[in-house]
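Asks: Dropping the sequence and predicted coords here.
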Amino acid sequence: MTLGTHVPPDVDEVTAAVRTALGHQPGTVLFTHARIVNVITGDIQEGAVLLAGRLIAGVGDVVSAAAAGEEVDLEGRWLAPGLIDGHAHLESSLITPGEYARAVVPRGVTGVVCDPHEIANVSGVDGIRWFLRASDGLPLDVWIGVPSCVPASPLETSGARVGPAEIASFLDDPRVVGVAEVMDFPGVLAAQEEVLRKALLAEMFRKVSDGHAPLVRGLSLQAYLSAGILSDHETTSAEEGLEKLRAGCFLMIREGSTTRNLNALASLVHTRHADRIGFVTDDRLPNDLLDEGGVDVLVREAIRQRVDPVLAVRCATWNTARHFALRRRGAIAPGYFADLVVLDDLEGYRAAAVYKDGRRVAERGRLLVDLPAPPAAGGAVRDTVRLPPLSTASLRVAAPPGPVRCIKLVPSQILTQLAWITPLLRDGEIAPDPARDIAKLACVERHGRRGTVGVGLVTGFGLQRGALASTVAHDHHNLIAVGTADDDILIASRRLEEMGGGLVAAAGGRVLADLPLPIAGLISDQRLPEVRARLDRLDEAARGLGVRIPFPFMTLSFLGLAVIPELRLTDLGLVDVMAGRLVPLGTDGDR
């Protein structure tokens, strides 16, 4: 049986499991002397686990003497279910799904629920289809939620549109678990018909509609959940998390690259609501995948923060499987798929061996199976960077009277704040002011549609010279750049167009470092170590330009996300997220 095909067991497989459990025929693998992590009952069970092909035939002492083609004596080591990441954007790792699997499967991750809205915002349904093809045949179950946010808001220009009809066309696919995060929470609160229809589609297909509700509380939270939305992964404080749990929300605790919420929310991982919390990564960069891992990092960190180890594992297995109705997954029990992790140390959670569908696929950090070649990235997912004619005139901003709006970064979060500043003026125009850590921010429509350019200011990067630019700008994925010199912003932008998308650092009239992302301007066609090496060189170049924040390119990518408070920039201009409207750079009577 090909790995990762999402094919349910047939009658022959079930017959074999029944006969194996009864001792009428030998199993395929017998694990003996195991400490079995039982996430259903919340305890450690000593005994054996018997497999019949892809399925678990028996668990416990009753199968300790069973016959099997292969016997694995675990000598008291732990046997846990394979981890399932409940919400991730694989495109944010800048690599293909196959390379993602190469990184996380040896760490004990055997499943991930993805929202491919990054590639969908560039290439529409063709992008979703490419993602599904690229995820097939892997030693990793890749499920998707159909993107509900293409575009994420009406305040941006994306490369495609995915409406209710397009969403419905995917919902009968067995790899599809429902409708992905409903990001346009202002649209939900305004009871906009199309937004509500998207959320309700999941219900019609008896699947899940996931949420995205940053700082949404009180009556607004009640209204948001009334639309039939079932989860949230944008919670940043324990108080906010408890309110969402009390409102019936499935709380996804996130530990991404720039968004690290576990420390603030670990106190909620308690037996009182042990079944209502899942672990997710959302957005992880290549260096974090290699250095820390995927959703396994949440399990380790939760245990370090004194969460019961079995409960920590449960939050990345059984709870997520139940939320998404992933049948036969997320636990070690008869009839379940044999997705298993052997651990030398449960509290340290380091995988010694990983089994997928009953086959050993990784050992001691190394993948043991060959990966299929990714599908050809042609048509709608190639050559996607089509910039309008750009010059320094495109980036000029006339100075309005009085103070102006400036985006202020919030450390270790994708939230931003609105800061009112008195700008530096040069010849009647607003200029960057590195001495006060104020840089120019530009967002250029890159899908060949409107040719619009939004310009604003940002503080918090520490940039002293040069420019950083990227075609990864959530979720419209237009070109976004931060710089202290217009000429350097233009040089970086032109290099991005030449590469077909990616990341660039430039200064003094030349490109310092780059990373081509030719698949939709989001994904590399290279191996993970090469992508990581080029990203490291970009980060080093950014530090040389004065940047002191970690992950500067991911931080930059979120400054265009018009559904995360407080102030953002799209190709159409500055966005007041909570008000759900475009606002001018200068005062408009609200200050």
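Replies: Thanks, I have it.
Asks: any low-confidence regions in the stretch 451-591 of the chain?
Replies: Applying pLDDT under 70 to the stretch 451-591 of the chain picks out residues 588-591.
Asks: Where do the strands of it begin and end?
Replies: 453-459, 467-470, 479-483, 502-507, 510-516, 567-570, 573-576, 581-583 (DSSP state E, counting those that start in this stretch).
Asks: Equivalent analysis for the stretch 251-400 of the chain, please.
Replies: Under DSSP E, counting those that start in this stretch, the stretch 251-400 of the chain gives strands at 277-280, 340-343, 351-356, 359-363, 366-367.
Asks: Out of those, which one sits most buried?
Replies: strand 277-280 (a mean of 28; mean count of other CB atoms under 10 Å). Placement of C-beta: from N, CA and C, glycine included.
Asks: and that one, what other elements does it pack with?
Replies: strand 83-88, strand 250-254, helix 296-304, helix 309-315, helix 318-323 (3 or more CB pairs under 8 Å, 6 or more residues apart in numbering; DSSP states H and E).
Asks: what's the third one packed up against?
Replies: If I follow you right, that is helix 296-304. Looks like helix 296-304 contacts helix 262-265, strand 277-280, helix 309-315 (3+ CB pairs under 8 Å, 6+ apart).
Asks: Looking at these, which one is packed in the most?
Replies: Sorting these by mean neighbours (by mean count of other CB under 10 Å), the first place falls to strand 277-280, with a mean of 28.
Asks: tell me the mean pLDDT for it?
Replies: Strand 277-280 shows a mean pLDDT of 98.
Asks: Please state the offset of it from the chain centre?
Replies: 12 Å (CA atoms, centre = their mean, to the nearest Å).
Asks: Same question for stretch 31-43.
Replies: Distance, stretch centre to chain centre, for stretch 31-43: 30 Å (CA atoms, centre = their mean).
Asks: try stretch 195-215
Replies: On CA atoms, centre = their mean, the centre of stretch 195-215 falls 18 Å from that of its chain.
Asks: What residues sit buried inside that stretch?
Replies: By neighbour count with 16 or more other CB atoms under 10 Å, stretch 195-215 contains the buried residues 195-199, 201-202, 205, 207-215.
Asks: Residue 417: which element?
Replies: strand 416-421 (DSSP states H and E).
Asks: Tell me the helix or strand right after that strand.
Replies: Next along from strand 416-421, by DSSP H and E: strand 424-426.
Asks: if you average pLDDT over the helix or strand following that following strand, what comes out?
Replies: With elements assigned by DSSP H and E, the helix or strand that comes after strand 424-426 is strand 429-431. For strand 429-431, mean pLDDT is 94.
Asks: Check stretch 402-418 too.
Replies: Rounded mean pLDDT across stretch 402-418 is 91.
Asks: how far does that stretch sit from the chain's center?
Replies: Counting by CA atoms, centre = their mean, stretch 402-418 comes out at 23 Å from the chain centroid.
Asks: That one: end-to-end distance?
Replies: In stretch 402-418, first residue to last residue: 16 Å (CA to CA, to the nearest Å).
Asks: from here on, count from 5
Replies: Got it, first residue is 5 now, which makes that one stretch 406-422.
Asks: Next, the buried residues of stretch 566-585.
Replies: By neighbour count on 16+ other CB under 10 Å, the buried set for stretch 566-585 is 566-582, 584.
Asks: still on that earlier bit, next, format the strands of the stretch 455-595 of the chain as TSV and append distance to residue 416.
Replies: Output for these, formatted as TSV (distance: least, CB to CB, whole Å):
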stretch	distance to residue 416
strand 457-463	16
strand 471-474	19
strand 483-487	18
strand 506-511	21
strand 514-520	23
strand 571-574	18
strand 577-580	22
strand 585-587	26
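Asks: I'd guessed residue 165 sits against residue 155; true?
Replies: Yes: between residue 165 and residue 155 a contact is recorded at 6.8 Å, counting by CB atoms under 8 Å.
Asks: Between those two, point out the one with more neighbours.
Replies: residue 155 (23 against 12; other CB atoms under 10 Å).
Asks: Quick check: the more buried one vs residue 436, distance?
Replies: According to CB to CB, to the nearest Å, residue 155 stands 29 Å off from residue 436.
Asks: same check, this time on residue 571
Replies: Between residue 571 and residue 436 the computed distance is 18 Å (CB to CB).
Asks: Also residue 68?
Replies: 70 Å.
Asks: Those two: which is more packed in?
Replies: More crowded of residue 68 and residue 436, by other CB under 10 Å: residue 436, with 26 against 16.
Asks: which ones are touching the more buried one?
Replies: 428, 442-444, 461, 487-489 (CB atoms under 8 Å, 6 or more residues apart in numbering).
Asks: and if we set it to 7 Å?
Replies: By CB atoms under 7 Å, 6 or more residues apart in numbering, the residues touching residue 436 are 442-444, 488.
Asks: go on, residue 205?
Replies: 168, 171-172, 175, 183.
Asks: lowest average confidence, helix or strand, in this protein?
Replies: Every helix and strand of the chain was ranked by mean pLDDT, DSSP states H and E. The lowest is helix 189-193, at a mean of 90.
Asks: Past it, which element shows up next along the chain?
Replies: Heading C-terminal from helix 189-193 (DSSP H and E), you reach helix 197-208.
Asks: number of nearby residues for residue 27?
Replies: Neighbours of residue 27 using other CB under 10 Å come to 16.
Asks: What distance do you get for it to residue 61?
Replies: 10 Å.
Asks: and what of residue 323?
Replies: 25 Å.
Asks: who has more neighbours, the two?
Replies: Counted by other CB under 10 Å, residue 323 and residue 61 do not tie: residue 61 has more neighbours, with 28 against 25.
Asks: so which of the strands of the stretch 455-595 of the chain gets nearest residue 371?
Replies: strand 514-520 (23.6 Å; CB to CB).
Asks: Using PDB, write out the CA atom coordinates for the closest one.
Replies: Output of strand 514-520 as PDB, limited to C-alpha atoms (Å, rounded to 0.1, in the frame of the first residue of the first chain):
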ATOM      1  CA  ARG A 514      23.500  45.900  -5.100                       C
ATOM      2  CA  VAL A 515      22.000  42.600  -4.000                       C
ATOM      3  CA  LEU A 516      23.600  41.200  -0.900                       C
ATOM      4  CA  ALA A 517      21.800  37.800  -0.600                       C
ATOM      5  CA  ASP A 518      18.700  36.200  -2.100                       C
ATOM      6  CA  LEU A 519      16.600  33.000  -2.000                       C
ATOM      7  CA  PRO A 520      14.600  32.200  -5.200                       C
END
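Asks: Let me know whether residue 351 touches residue 306 as I believe.
Replies: No: the criterion here is CB atoms under 7 Å, and residue 351 misses it with residue 306 at 10.6 Å.
Asks: The two: who's more crowded?
Replies: Here residue 351 and residue 306 are set side by side on neighbour count (other CB under 10 Å), and the busier one is residue 306, at 27 against 13.
Asks: thought the more buried one was touching residue 266?
Replies: Yes: Residue 306 lies in contact with residue 266 (CB under 7 Å); the separation is 6.5 Å.
Asks: one step back: nearest to residue 382 among the contacts of residue 205?
Replies: residue 171 (24.5 Å).
Asks: Tell me if that closest one really is in a helix.
Replies: Yes: under DSSP: H, G, I helix; E, B strand; the rest coil, residue 171 sits within a helix.
Asks: Count the residues that sit near it.
Replies: 25.
Asks: what does the domain assignment say about the protein?
Replies: Domain segmentation of the chain under automatic domain parsing yields 85-330, 386-587.
Asks: Out of these, which is the most enclosed?
Replies: Of the domains of the chain, domain 85-330 is the most buried (mean count of other CB under 10 Å), at a mean of 22.
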